[in-house]
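Q: Here's a sequence, model it:
(chains A, B, C and D)
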Number of protein chains: 2
Amino acid sequence: MDWKDIDTTHCGVLAATDLIGDRWSLLIVRDLLMGLSKFNDLQTHTGASTAILAKRLRVLSDAGLLEERHCKQPGQRGHTEYFLSRKGLGLAQIIGAMAQFGYDELTLPQRPLVEYRDAETGQRVRLAAVREDGQQVAPEDVVIEVNPDAFSPKYRAPSSRERKKQPT
Amino acid sequence: MDWKDIDTTHCGVLAATDLIGDRWSLLIVRDLLMGLSKFNDLQTHTGASTAILAKRLRVLSDAGLLEERHCKQPGQRGHTEYFLSRKGLGLAQIIGAMAQFGYDELTLPQRPLVEYRDAETGQRVRLAAVREDGQQVAPEDVVIEVNPDAFSPKYRAPSSRERKKQPT
DNA sequence: AAGATGAATTCAAAAAATAAAGCCAGGTAT
DNA sequence: ATACCTGGCTTTATTTTTTGAATTCATCTT
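A: Below you'll find the predicted structure:
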């Protein structure tokens, strides 16, 4: 098997990294999931500079992951609030997986910052691999299978410079 | 609730982003999960420059996520192979979540590059939220609860410059 | 000895992130 | 009106990181 020949142009991981494959985007999404919604809250809480925050919010918004609500109640200064769209809420699993990994493997000394719970029963929930028939599968029993269709001769991943040039 | 006061110093997501919160690390881990193990394979397949690849591999290795095996069979040039350690395999959920998000929400035109299957039955496997009693919970029924202990008055997230300075 | 290979490191140039300042609109205080 | 906050940016100068290409260096093949 020659790994050079695998074409990852249409890899889901690659597509996801294009949107949130950097520190700040991930922290911004984390905070949006926690309920933060205002520019200034996100700014001070993530620690990102205003320039970066503005840029990342625009990228997320352009991708349809964010909803912007322009709030202007009478007697209050108007401001924008940012919320994850239905599409953007799909990111919860990624952030959840990162939180789980952080707590499970990186031995943090404190209790989790957030907990994921079932809205109905209040029980804690975790991410797990589940089969089509609903049965859970232990992590070590999950095998990763590369799709043979993905092989294309003489494929080479484009450098990030090259990838940015193409007109999408 | 004043979000400024939430101390994320010990956030699992933050800890995880410190290790793999960038495009190249994520793609490298994706490739390691697919079975790539050699420097050159990873290089051409991810598209990362050699300098970046070397740097990222060292970070992952130092964090105990990677195992390096120095292979030197007689009659062959010796080389190093990189594998995810037990700890590093925990990253599979993060990459899996990203792949799932990529395919579910980013409407990729092609079939998935990889498929996750149950080793025993061969059934396809997805990530899902699961309660303590084993029941699956629909994504929209998962609520995120911020730990009250995380609140600490006048907390402000350190800038990335500040975070790097501290001697860990 | 010459050449190839694996895993880097080094270097100049390009790109991105940073902190700080500036801008602009809407609302508030005088 | 005038002056001044505040939210959401944008701009600017400076620092840091990434890039691509070249180089190193040890091992192995011919």
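Q: now the residue most central in space within chain A, nearest residue through space, not along the chain?
A: The centroid of chain A falls nearest to A:Leu91 when counting by C-alpha atoms, centre = their mean (4.1 Å). Once flanking residues are discounted, A:Leu91 sits nearest to A:Val29: 5.1 Å by C-beta to C-beta, 6 or more residues apart in numbering or on different chains. Backbone N, C-alpha and C define where each C-beta goes, glycine included.
Q: Need the per-residue pLDDT for that neighbour.
A: At A:Val29, the predicted lDDT confidence score is 97.
Q: ok, residues contacting the host helix or strand of it?
A: Assigned by DSSP states H and E, A:Val29 belongs to helix A:23-34. Outside helix A:23-34, the residues within contact range by C-beta atoms under 8 Å, 6 or more residues apart in numbering or on different chains are A:19-20, A:41-42, A:45-48, A:52-53, A:56-57, A:59-60, A:66, A:82-84, A:88, A:91-92, A:94-95, A:98-99, A:113-114, B:3, B:6, B:11, B:13-14, B:17, B:21-22, B:144, B:146, B:160.
Q: Show me how far that helix is from its chain's centre.
A: Its chain's C-alpha centre lies 8 Å from the corresponding centre of helix A:23-34 when counted by C-alpha atoms, centre = their mean, to the nearest Å.
Q: do the same with stretch A:108-121
A: 18 Å.
Q: Return the distance of A:Asp133 relative to A:Leu84.
A: 31 Å (C-beta to C-beta, to the nearest Å).
Q: who has more neighbours, these two?
A: The neighbour comparison of A:Asp133 against A:Leu84 (other C-beta atoms under 10 Å in any protein chain shown) goes to A:Leu84, with 18 against 8.
Q: Assign a three-state SS to A:Val130, would you?
A: Secondary structure, DSSP: H, G, I helix; E, B strand; the rest coil: A:Val130 is strand.
Q: how far away is the residue nearest to it when sequence neighbours are not counted from B:Leu36?
A: Among residues not flanking A:Val130 along the chain, B:Ala128 sits closest, at 4.5 Å (C-beta to C-beta, 6+ apart). Relative to B:Leu36, B:Ala128 is positioned 28 Å away (C-beta to C-beta).
Q: between these two, who's got more neighbours?
A: Set B:Ala128 next to B:Leu36 and count neighbours by other C-beta under 10 Å: B:Leu36 wins out with 24 against 19.
Q: Give me the distance from stretch A:83-96 to the chain's centre.
A: With C-alpha atoms, centre = their mean as the basis, stretch A:83-96 stands 7 Å off its chain's centre.
Q: what about it, average pLDDT?
A: Averaged across stretch A:83-96, the pLDDT comes to 96.
Q: What of stretch A:124-143?
A: On average, the pLDDT along stretch A:124-143 is 95.
Q: List the buried residues in that stretch.
A: By neighbour count with 16 or more other C-beta atoms under 10 Å in any protein chain shown, stretch A:124-143 contains the buried residues A:125-131, A:137, A:142.
Q: mind listing what the residue nearest to the centre of chain A touches?
A: By C-beta under 8 Å, 6+ apart, the contact list for A:Leu91 reads A:20, A:29, A:33, A:65, A:84, B:101.
Q: Who does the fifth one form a beta bridge with?
A: Using DSSP bridges, the bridge partners assigned to A:Leu84 are A:Leu66.
Q: Contact partners for it?
A: A:29, A:32-33, A:65-67, A:91.
Q: Likewise for A:Ala97?
A: The contact partners of A:Ala97, by C-beta under 8 Å, 6+ apart, come to A:127, B:93-94, B:96-97, B:127.
Q: and of those residues, the nearest to DNA strand C?
A: Using C-beta to the nearest atom of the strand, the shortest approach to DNA strand C within the contacts of A:Ala97 belongs to B:Ile94, at 19.9 Å.
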